[in-house]
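Asker: Please work out how this folds:
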Amino acid sequence: MSSLSIAFFEPWFGGSHRAFLDAWSARTRHRLQVHGLAPRHWKWRQEASAWELARGADATAPPDVIACSGYVDLPRLHGFLPQSWAHRPSLVYFHETQLTYPGGEAGRDLTYGFSNILSAVRADRVAFNSRFHLEEFRDAADLVLSRLPRPAPRADLTRALGEAAVIPPLPDLASVPLGPGGDGPLRVAFPHRLEPDKDPAAFADALVEAGARGADLEVELLGGHPRKAVPKIAAALERLAPWLRNRDRVEDRGRYLEILGRCDVVASTARHEFFGVAFAEAMAAGCTPLAPDRLNYPALLSNYDDGEAQAGTFLDTPDLADRLTALARAPEPLRAPARREGARAAVMPFDADSAAMALDRLIDDLAR
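Answerer: Numbering: from 1, shown residues only. Okay, the predicted model is just below:
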């Protein structure tokens, strides 16, 4: 099949958004040209990036496909692009959507969420990084549109989301080395930043309870913590102190993966997560998963079944404490090569290689 040209507009060219594009660029058989802006001032990026990104398009031949992340207001982008680009098909990939992003739900400004809705309606195809994210956005958008005066684009959005693709955000799991696990007490990785949406206080509650029952544990906090943590999270850090091996964000990628490989368990208590790249990386390193039965975790663990009743998804904080207590009694089985290879194999279907192929096929369909 022929190679196609793709112009990808990314106002937040950093972090996971950049990692996604770097991974796709390295794997696609198409010609991917990224038009990116520095990752700062997110509200201004959503407001003005369409104009700013389109300014250089006059000097560029029209691509076969126009693509962008959900940070772009796609109708505005089409309005600013040259007329010669007008009939090129477009794709929006949603890493996140503002209708369901955590924080400020009570007084949420719907401007940016409605921009996401209109982008989905305007696009020829949309893609989400998880089925959970797609369904969450569908429900939130339907609620918003049901409260608006008529006409509202409910039917158009239903059509767009009915044709939506679900493609993982190209996590490079194959490059994560399989590690041996710990060499003493049960070693637990918590790979999230210590922010309210990851609920580290619940993680601390479970650890304290397991410790009170005599569980021998070590903890690696790998996501870093805010300089001015809210009191609840600051208190959680203090309660975790007796078990901590690390509490700072590990910036060096090689060192980060080495630490993951020397953990026995990866645990999450997240209340918000669109996909779960850090959790998937920990499983690729061989960690036995403990995740709440919500968000995208059931999908991430859908291929995981090693017969261990204490692993997989848990129901609540007391249940997590029970699982940690049981696993801490005998951590050695978690370090067996077959056990660790099983955790890795369970997440490999989400790896960047297969996801990039799915994106390429979506581009092929758009250009037909």
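Asker: Run through who's touching whichever strand or helix holds residue 356.
Answerer: Using DSSP states H and E, residue 356 sits in helix 352-367. Residues from elsewhere that reach helix 352-367 (C-beta atoms under 8 Å, 6 or more residues apart in numbering): 1, 4, 6, 23-24, 27-30, 64-65, 67, 89-91, 124-125, 127, 165, 167-174. Quick note: C-beta positions are derived from backbone N, CA and C, even for glycine.
Asker: Any chance of a ChimeraX selection covering the buried ones in those residues?
Answerer: Entered in ChimeraX, the line below selects the buried ones among the contacts of helix 352-367, by 16 or more other C-beta atoms under 10 Å:
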select :4,6,23,24,27,28,30,64,65,67,89,90,91,125,127,165,167,168,169,170,171,172,173
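Asker: So which of the contacts of helix 352-367 are in helices?
Answerer: 23, 24, 27 (DSSP state H).
Asker: about what we covered before: buried ones in the helix holding residue 356?
Answerer: For helix 352-367, by 16+ other C-beta under 10 Å, it's 352, 354, 355, 356, 359, 360, 362, 363, 364, 366, 367.
Asker: Can you tell me how far the first one is from residue 170?
Answerer: Counting by C-beta to C-beta, to the nearest Å, the separation of residue 352 from residue 170 is 4 Å.
Asker: picking up where we left off before, distance to residue 305 and pLDDT for the buried residues of helix 352-367 - can I get that in a markdown table?
Answerer: As requested, those are exported to a markdown table (distance: C-beta to C-beta, whole Å; pLDDT from 0 to 100):
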| residue | distance to residue 305 | pLDDT |
| --- | --- | --- |
| 352 | 24 | 98 |
| 354 | 20 | 97 |
| 355 | 23 | 98 |
| 356 | 27 | 98 |
| 359 | 28 | 98 |
| 360 | 31 | 98 |
| 362 | 30 | 98 |
| 363 | 34 | 98 |
| 364 | 34 | 97 |
| 366 | 36 | 96 |
| 367 | 39 | 92 |
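Asker: Buried residues, the helix or strand that contains residue 17. List them.
Answerer: Element membership of residue 17, judged by DSSP H and E, is helix 15-27. Neighbour-count burial for helix 15-27 flags 16, 17, 19, 20, 21, 23, 24, 25, 27 (criterion: 16+ other C-beta under 10 Å).
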